[in-house]
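Chemist: Sequence and predicted model, in that order:
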Amino acid sequence: MLAKVAIVGRPNVGKSTLFNRIIGQRLSITDDQPGVTRDRIYSKASWLNKEFFIIDTGGIELGDAPFLTEIKTQAEIAMDEADVIVFVVDCRSGLTEDDSYIAKLLYKTKKPVLLAVNKVDDQKFRENIYEFYSLGFGDPIAVSSSHGVGVGNLLDEIINNLPEKKDSLKDDAIRFCLIGRPNVGKSSLTNTLLNDNRVIVSPIEGTTRDTIDTRFKSDGKEYVVIDTAGLRKRGKIYENIEKYSVIRSIDAISRSDVVLLLLDASVGIIDQDLHVGQYIEEYNKPCIVVVNKWDLVEKDSKTMQRWTEDIRSKYKYLDYAPIVFLSALENKRVHTLFPSIIKASEQYHKRISTSVLNDVIQDAVGMFPPSEFNGGKIKIYYGSQVGVEPPTFAFFVNDPKFLHFSYYRYLENQLRKNFDFFATPIKLEFRKRD
């Protein structure tokens, strides 16, 4: 699981601007009006080749302003879950009563707390930095989130305080997680796979708030199944606790070998289902699309075909994912999952020898030569597999700008066809040969 960094502070000290600066895009809303950020906003960030989650929180302050209780609650949740906390204060305003109140909250945590004094770009207020020593969090780090000044120093300190990654013991168990919007039957499928009611099953949406890992054996093979809380569309995550369950679900995806995307056959594919699928694409994980509650569908000879066509049409970015139809509650066709999970995991870690790879590419180019694009034709000199999880291939060419997207897809399909890359994404990189 990736480490988590929470940004906390009173309203309008520049937390969201700092958050946006660190992730390199304007994801969090920034405004001069205090209290704009109410819910936690999260994103993946990296510095010096180390990745972590960063969480923007609503401002904490004294008084009876609207949403104060909720903001304090979700900020405390973020502080509790975070590995490192960045406490942001405002150099222009100086030390305030609200800053002291937040400091008292932070004294209760055993997590590392970094004190970032923001808005130091205004020279006449720079001397205010020294009064923040009284908060007791060591040397303040001077930053200007709007101009980027000092942010690199802050990130260095964040990296230095992240927990060390423990070397995991060799484990041959296949980890797979179940994701989907609320109430598609994730917990029911988990129980059926385990043949034991170890997970709460309820018709009420959002029963599972956290991820639950359970190790089990089937036909002599070890697995770890991860049941996750239901994922909603990013902009429609209402409850404070549910907001953080999304991060835990994404954690589950990031540490899984295979992801099972569950759909509800009794309802059909809706917008929430499409947004959930985007998380799988983002993390480049093998995927199996599971159409659950198949027993509730009135069928004819073409029902399965129509569902398959609908899934392929709406999940174009998961066109490599096999589709399994089953009923978790009735335990029908569930046995078809395990062979697919095993094969998907094997393909995710598969390696191809350089000589065989180049033979296949040479044949593919011979059968269907590239057309001219951007003033030239792509010429592939040789290729090599440079990584797994997912399988990644580098091709050295005359100029990558001559590669049309349709030819990229053609080469990808040829690799899938010849090497049976089942259920897993594959990546093709084209580099100019020196």
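Modeler: On my side now, so go ahead.
Chemist: Next, the buried residues of stretch 173-189.
Modeler: Residues 174-189 are the ones in stretch 173-189 that count as buried (16 or more other CB atoms under 10 Å). Every C-beta, even on glycine, is put in place using the N, C-alpha and C of the backbone.
Chemist: mind listing which of those are in strands?
Modeler: 174-179 (DSSP state E).
Chemist: could I get the residues you listed as JSON lines with pLDDT and distance to Ser384?
Modeler: Formatted as JSON lines, these follow (pLDDT from 0 to 100; distance: CB to CB, whole Å):
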{"residue": "Ile174", "pLDDT": "92", "distance to Ser384": "27"}
{"residue": "Arg175", "pLDDT": "91", "distance to Ser384": "28"}
{"residue": "Phe176", "pLDDT": "94", "distance to Ser384": "30"}
{"residue": "Cys177", "pLDDT": "92", "distance to Ser384": "31"}
{"residue": "Leu178", "pLDDT": "91", "distance to Ser384": "35"}
{"residue": "Ile179", "pLDDT": "88", "distance to Ser384": "33"}
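Chemist: Would you format these as CSV with distance to Thr228 included?
Modeler: Shown next, in CSV, are these (distance: CB to CB, whole Å):
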residue, distance to Thr228
Ile174, 17
Arg175, 12
Phe176, 11
Cys177, 6
Leu178, 6
Ile179, 5
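Chemist: What is the nearest of those residues to Thr336?
Modeler: Phe176 (14.2 Å; CB to CB).
Chemist: what's the nearest residue to the closest one if we skip its chain neighbours?
Modeler: Nearest non-adjacent residue to Phe176, counting by CB to CB, 6 or more residues apart in numbering: Val258, 4.2 Å away.
Chemist: Provide a list of residues in contact with that neighbour.
Modeler: Neighbouring residues of Val258 by CB atoms under 8 Å, 6 or more residues apart in numbering: 174-177, 285-288, 341, 344-345, 348, 423.
Chemist: let's go with 10 Å and repeat that
Modeler: 174-177, 223, 285-288, 337, 340-345, 347-348, 423-424 (CB atoms under 10 Å, 6 or more residues apart in numbering).
Chemist: name the element the residue nearest the centre of the chain belongs to?
Modeler: The chain has Ile250 as the residue nearest its centroid, 4.4 Å off, counting by CA atoms, centre = their mean. Counting by DSSP states H and E, the element that carries Ile250 is helix 240-254.
Chemist: what mean pLDDT does that helix have?
Modeler: Helix 240-254 shows a mean pLDDT of 64.
Chemist: What's the first helix or strand after it?
Modeler: In N-to-C order, the element after helix 240-254 by DSSP H and E is strand 258-264.
Chemist: Can I get that following strand in PDB? Just the C-alpha atoms.
Modeler: This file holds the C-alpha atoms of strand 258-264, laid out as PDB (Å, rounded to 0.1, in the frame of the first residue of the first chain):
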ATOM      1  CA  VAL A 258      -5.900  -9.300 -10.700                       C
ATOM      2  CA  VAL A 259      -9.000  -7.000 -10.400                       C
ATOM      3  CA  LEU A 260     -12.600  -8.300 -10.700                       C
ATOM      4  CA  LEU A 261     -14.900  -5.600 -11.900                       C
ATOM      5  CA  LEU A 262     -18.500  -6.500 -10.800                       C
ATOM      6  CA  LEU A 263     -21.600  -5.400 -12.700                       C
ATOM      7  CA  ASP A 264     -25.200  -6.000 -11.700                       C
END
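Chemist: How far off centre is that strand?
Modeler: 15 Å (CA atoms, centre = their mean, to the nearest Å).
Chemist: Helix, strand, or coil at Glu412?
Modeler: For Glu412, the assignment made with DSSP: H, G, I helix; E, B strand; the rest coil gives helix.
Chemist: Also Gly138?
Modeler: Gly138 is classified as coil under three-state DSSP.
Chemist: can you give me the helices in the chain?
Modeler: Counting by DSSP state H, one finds helices in the chain at the ranges 15-23, 68-81, 97-107, 151-161, 186-194, 240-254, 271-283, 303-314, 337-348, 354-367, 405-419.
Chemist: Report the mean confidence score over the first one.
Modeler: So that's helix 15-23. Helix 15-23 comes out at a mean pLDDT of 87.
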